[in-house]
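A.B. asks: Just a sequence and a predicted model for now, questions to come.
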Amino acid sequence: MELHELSYMFTKCGFGACFVVNSFFIFLTITSIKRIYSTYKIMVVIFALMGILFAGWETVARPFAHNYNKGFLYFSLSNSYQASREFLEFAIVVYGSFYLVILAFIVVQFIYRYLTLFKPVYLRKFKGKGMIVWMTYPLIAGAAFGGPLYCFGVVDEYSDEYLKKEIFEKYKVAIKDLPRFAIVTYDSEGYLRWRNISYLITSIFMMGSQYLIIIFCGIRMHLRMGKELKQFSVTNRNLQKQFFKALVFQTLAPTLLFVVPAAPILMGPLFDTEMSIRTGLIYVLLNIYPPIDSIAFMVIVSEYKQVIREIGKYITSTKPSRNSTTYQMTSIS
């Protein structure tokens, strides 16, 4: 079995795991978790739903990438539903945009937690119509990240000619048969292809700007959290610390799974180094992020562990007492 075919099997398994874990997480959040309130509870549920959609969309788009010297090809290996090339090109652009949507949504959560600690009067901006605005921001960021691929990554005769032999050797398919976008940074005379370079610049800018906001809020919260939390009760103080740890994990996990391994590979074409790498295998790592994120959130936020323990006791108890049953059913209702 080809390596990219094996990766698709992991993708489907990842979607199954994500659906089960995130559905359970959403169920607990809605029915049993009492210390996550209104706006933030909506954010947590939406983020988990996005994880399911992200993992599911990958099984449809089946995105893959391949780096070869001064270029890389971003393409779909899907034959799902006998879809048209136009749809599959749209599908892989949407998939590529999903990473920025997730990252921008983490930015929104960081801003919300920052305001909770330092500027609670501004939290009203997250309610009513303000909630719609903040929920729209990740979609705009995702479009600004994926949209330029349509403008600057469209294939041309030179990019196809440069990559076709490599793609046929590695995947046994003609490059013109693939729904695809290509980035080749230099032409045959060694001059920069500015259309493709523009895509790299816009992508780096969009990703970098999100991380700058996260770093700013994260450092400020870390340095001043102890002082600001003195005005909270002990229980609420611990909860705020748990939320902060969960946000840090939500940022670090996709960064370590995707950005760190992908950055040198995606920047490689700028240096015209000799390489032939099936970069698409990185998507397998990114696919495991949604279920891991939800599991980590349930481990970090103590109320989830308490509820899960109660559910476990209820399930494993052969003859639960009436009072115990009533209490535990109340916990999960």
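C.D. replies: Sure thing, it's come through.

A.B. asks: shouldn't Thr185 be in contact with Asn69?
C.D. replies: No: with contact defined as Cβ atoms under 8 Å, Thr185 does not reach Asn69; the gap is 9.6 Å. Heads up, the C-betas are built off the backbone N, CA and C, glycines and all.

A.B. asks: show me where this structure has strands.
C.D. replies: 63-68, 71-76, 180-184, 276-277 (DSSP state E).

A.B. asks: Adjacent strands (with direction) for the third one?
C.D. replies: Yep, that's strand 180-184 we're talking about. Next to strand 180-184 in the sheet, as set by DSSP bridges, lie strand 71-76 (antiparallel).

A.B. asks: which residues touch Pro261?
C.D. replies: Shown in contact with Pro261 (Cβ atoms under 8 Å, 6 or more residues apart in numbering): 282, 285.

A.B. asks: Try it again at 6 Å.
C.D. replies: Applying Cβ atoms under 6 Å, 6 or more residues apart in numbering, one finds that Pro261 lies in contact with Ile282.

A.B. asks: repeat for Ile167
C.D. replies: Contacts for Ile167 were tallied using Cβ under 6 Å, 6+ apart; they are Ile175.

A.B. asks: Low-confidence regions, the stretch 1-150 of the chain specifically.
C.D. replies: 1-5, 80-81 (pLDDT under 70).

A.B. asks: hang on, the earlier thing: now the strands of the chain as CSV including distance to Val301?
C.D. replies: Output for these, formatted as CSV (distance: least, Cβ to Cβ, whole Å):
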stretch, distance to Val301
strand 63-68, 32
strand 71-76, 36
strand 180-184, 39
strand 276-277, 38
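
A.B. asks: Just put those strands in a markdown table and tack on mean neighbour count and distance to Asn196.
C.D. replies: Formatted as a markdown table, the entries for those read as follows, by neighbours: other Cβ atoms under 10 Å; distance: least, Cβ to Cβ, whole Å:
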| stretch | mean neighbour count | distance to Asn196 |
| --- | --- | --- |
| strand 63-68 | 23 | 14 |
| strand 71-76 | 25 | 8 |
| strand 180-184 | 24 | 5 |
| strand 276-277 | 13 | 18 |
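
A.B. asks: looking at these, which is closest to Arg124?
C.D. replies: Proximity to Arg124, assessed across the strands of the chain by Cβ to Cβ, is greatest for strand 63-68 (39.9 Å).

A.B. asks: would you put the C-alpha positions of that closest one in CSV?
C.D. replies: Included here for strand 63-68 are C-alpha records, laid out as CSV according to Å, rounded to 0.1, in the frame of the first residue of the first chain:
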residue,chain,number,x,y,z
PRO,A,63,-5.6,17.1,0.7
PHE,A,64,-2.0,16.2,0.2
ALA,A,65,1.2,18.1,-0.6
HIS,A,66,4.5,17.4,-2.1
ASN,A,67,7.7,19.4,-1.9
TYR,A,68,10.2,19.2,-4.8
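
A.B. asks: Starting from that strand, tell me which strands it pairs with and how they run.
C.D. replies: For strand 63-68, the paired strands and their directions (DSSP bridges) are strand 71-76 (antiparallel), strand 276-277 (antiparallel).
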